[in-house]
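K.L.:
Please work out how this folds:
(chains A and B, ligands or ions: 1)
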Amino acid sequence: MRCCVDDRVMIEYLEGELEGPAAAEIGQHVASCDECHTALLRLRAVRAAVADRVRDLAPPDESFWKANLESVARATWLKSEPAGVVRRGRLRKLAPMMAVAAVLLLALIGALRTGAFNPDTRRPEVAVAGADTVSAEALVDSLYMLARLAGQYQMAWRTMESIEEIGSSSDSSLYDEVEMTYPGTGNVYDALLTMEDEQVEQVLYVLASN
Amino acid sequence: MRTDKQLVDEILAGATEKFSVLAERYQQQVYRFLRGMNLDHDEAADVLQSSLIRAYEKLDTIRGGERFRVWFYTIAANQARNYMRRSRRDVALDDVVLSAEDQNPGEALDRERMAALVAVALGNLSEDQRKVVLLRIYQEMPFSEVAQACGISHGNSKVIFHRALKTLARWLAPAMGRMDLDYKER
Ligand SMILES: [Zn+2]
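P.N.:
Just a heads-up that it's a prediction; the model follows:
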């Protein structure tokens, strides 16, 4: 493609890398010069052929992508945290009473998980420092029902799993007892910090309906 | 829809499961990019997976302003390089070009043969050229991002692209002669 417009300029033009006036000039020339017009069309055709070649590759089916995501999940976030994860206390956004109530919900979740909670048998031990304005007993009951109604048992499991992960660094086993301190640095409190916004919202929603 | 930046921030703030959203967002296009780099399916699948794992592990090294997509292509291209070093494939461009010339003149080269020819031509570019061409043409990245993903200067990315496109045009000329020049990118 030897012609009046330099190859390099032609490619710049093709790629939209020329400034307005320069582009307009080439555009006008190309419109009136057959040789340059053909050269431009060829370059464009090469470009299109390359794009098509990659697009036309037979894509793997759905199951391949799904399996890939699963393998990646197992090797990444299901296994460990990436470096540099900074956990910020979302709990700070919660009003103190809400936070207490949220701790109670977690205690309840713990109780569900350990099987300690059964309406027919004993109530879980719930002790919260500074919870003067909250009737623990009443809250636990209503939260339990609401949580069940909202089908949040699965969420409870997930939360418990993250509590366990945190708990595993200390010796206390959450299977045996749910340890609570507020606003200290106990396991459950820490676990609240790992809750997703959505979960915290759900907790708040549940609390608001009380 | 959450932006990549939002997702990265959320993952680094502890919502690690959100990494699956990023992985799902990019797995298909990166797979194709890797196939374009001349890896076969198994190799591309392998590189895709190891790139995603590496991206997760190194996520905190994305610095301000750098975008996940470009950064992820950098990782994928580097991981692919290890593969390409191990299995060097030499494709005979001449054979394919000649066979394209054999076809009846005046007859448009069918899509399949054109694709095969382009594949071989891409395979004969240098690795850097191929990478730049694919990022620019298939991934439609601006040169600034191509440069970032390849770890080269902005000017250099353009020079490499220009050379590669000219080379491709020369190699594909015999086929292009009969190619429908109104051929449009879909
Ligand atoms: Zn001209």
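
K.L.:
Flag the shaky bits of the chain, pLDDT-wise.
P.N.:
Just so you know, I chose chain A. Counting by pLDDT under 70, chain A shows low-confidence ranges at A:1-3, A:87-210.

K.L.:
Chain B is the one I meant
P.N.:
B:64-66, B:85-109, B:176-186.

K.L.:
for the longest helix seen in chain A, packing partners?
P.N.:
When chain A is parsed with DSSP state H, its longest helix is helix A:34-55. In terms of contacts (3 or more C-beta pairs under 8 Å, 6 or more residues apart in numbering or on different chains; DSSP states H and E), helix A:34-55 is packed against helix A:7-14, helix A:20-32, helix B:19-36, helix B:111-124, helix B:154-171, helix B:173-176. For glycine as for every other residue, the C-beta is placed from the backbone atoms N, C-alpha and C.

K.L.:
Can you add distance to A:E81 and give these back as a markdown table?
P.N.:
Conversion of the helices and strands packed on helix A:34-55 to a markdown table gives the following (distance: least, C-beta to C-beta, whole Å):
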| stretch | distance to A:E81 |
| --- | --- |
| helix A:7-14 | 46 |
| helix A:20-32 | 49 |
| helix B:19-36 | 10 |
| helix B:111-124 | 39 |
| helix B:154-171 | 35 |
| helix B:173-176 | 52 |
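
K.L.:
could I get the ones you listed as JSON lines with distance to A:D52 and mean neighbour count?
P.N.:
Rendered in JSON lines, the data for the helices and strands packed on helix A:34-55 read as follows (distance: least, C-beta to C-beta, whole Å; neighbours: other C-beta atoms under 10 Å in any protein chain shown):
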{"stretch": "helix A:7-14", "distance to A:D52": "17", "mean neighbour count": "18"}
{"stretch": "helix A:20-32", "distance to A:D52": "23", "mean neighbour count": "12"}
{"stretch": "helix B:19-36", "distance to A:D52": "11", "mean neighbour count": "21"}
{"stretch": "helix B:111-124", "distance to A:D52": "7", "mean neighbour count": "19"}
{"stretch": "helix B:154-171", "distance to A:D52": "13", "mean neighbour count": "19"}
{"stretch": "helix B:173-176", "distance to A:D52": "13", "mean neighbour count": "21"}
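
K.L.:
Of those, which is nearest A:A39?
P.N.:
helix A:7-14 (6.2 Å; C-beta to C-beta).

K.L.:
Please point out which parts of the longest helix of chain A sit buried.
P.N.:
A:36, A:39-54 (16 or more other C-beta atoms under 10 Å in any protein chain shown).

K.L.:
Ok, stretch B:7-19 next?
P.N.:
Those would be B:L7, B:V8, B:E10, B:I11, B:L12, B:A13, B:G14, B:A15, B:T16, B:K18, B:F19, for stretch B:7-19 by 16+ other C-beta under 10 Å.

K.L.:
if we look at chain A, which of those are close to it?
P.N.:
B:I11, B:L12, B:A13, B:G14, B:A15, B:T16, B:F19 (C-beta under 8 Å from any C-beta of the partner chain).

K.L.:
Which one of the helices and strands packed on helix A:34-55 lies nearest to the ion?
P.N.:
With C-beta to the ion, the closest approach to the ion among the helices and strands packed on helix A:34-55 belongs to helix A:20-32: 5.7 Å.

K.L.:
quick one: B:Q28 from A:R47, how far?
P.N.:
Separation of B:Q28 from A:R47 (C-beta to C-beta, to the nearest Å) stands at 21 Å.

K.L.:
Same question for B:V47.
P.N.:
25 Å.

K.L.:
One more: A:A39?
P.N.:
13 Å.

K.L.:
Count the neighbours of the closest residue to chain B within chain A for me.
P.N.:
Nearest to chain B in chain A, going by C-beta to the nearest C-beta, is A:G84, at a distance of 2.6 Å. By other C-beta atoms under 10 Å in any protein chain shown, 12 other residues sit near A:G84.

K.L.:
List the single closest residue to it in space, sequence neighbours excluded.
P.N.:
B:D60 (2.6 Å; C-beta to C-beta, 6 or more residues apart in numbering or on different chains).

K.L.:
quick one, what contacts that neighbour?
P.N.:
A:P82, A:A83, A:G84, A:V85, B:L12 (C-beta atoms under 8 Å, 6 or more residues apart in numbering or on different chains).

K.L.:
Among those, which lie within helices?
P.N.:
Per DSSP H, those map to helices at B:L12.

K.L.:
Now the helices and strands packed on helix A:34-55 in a markdown table, please, with extra columns for distance to the ion.
P.N.:
Formatted as a markdown table, the helices and strands packed on helix A:34-55 follow (distance: least, C-beta to the ion, whole Å):
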| stretch | distance to the ion |
| --- | --- |
| helix A:7-14 | 9 |
| helix A:20-32 | 6 |
| helix B:19-36 | 32 |
| helix B:111-124 | 26 |
| helix B:154-171 | 16 |
| helix B:173-176 | 18 |
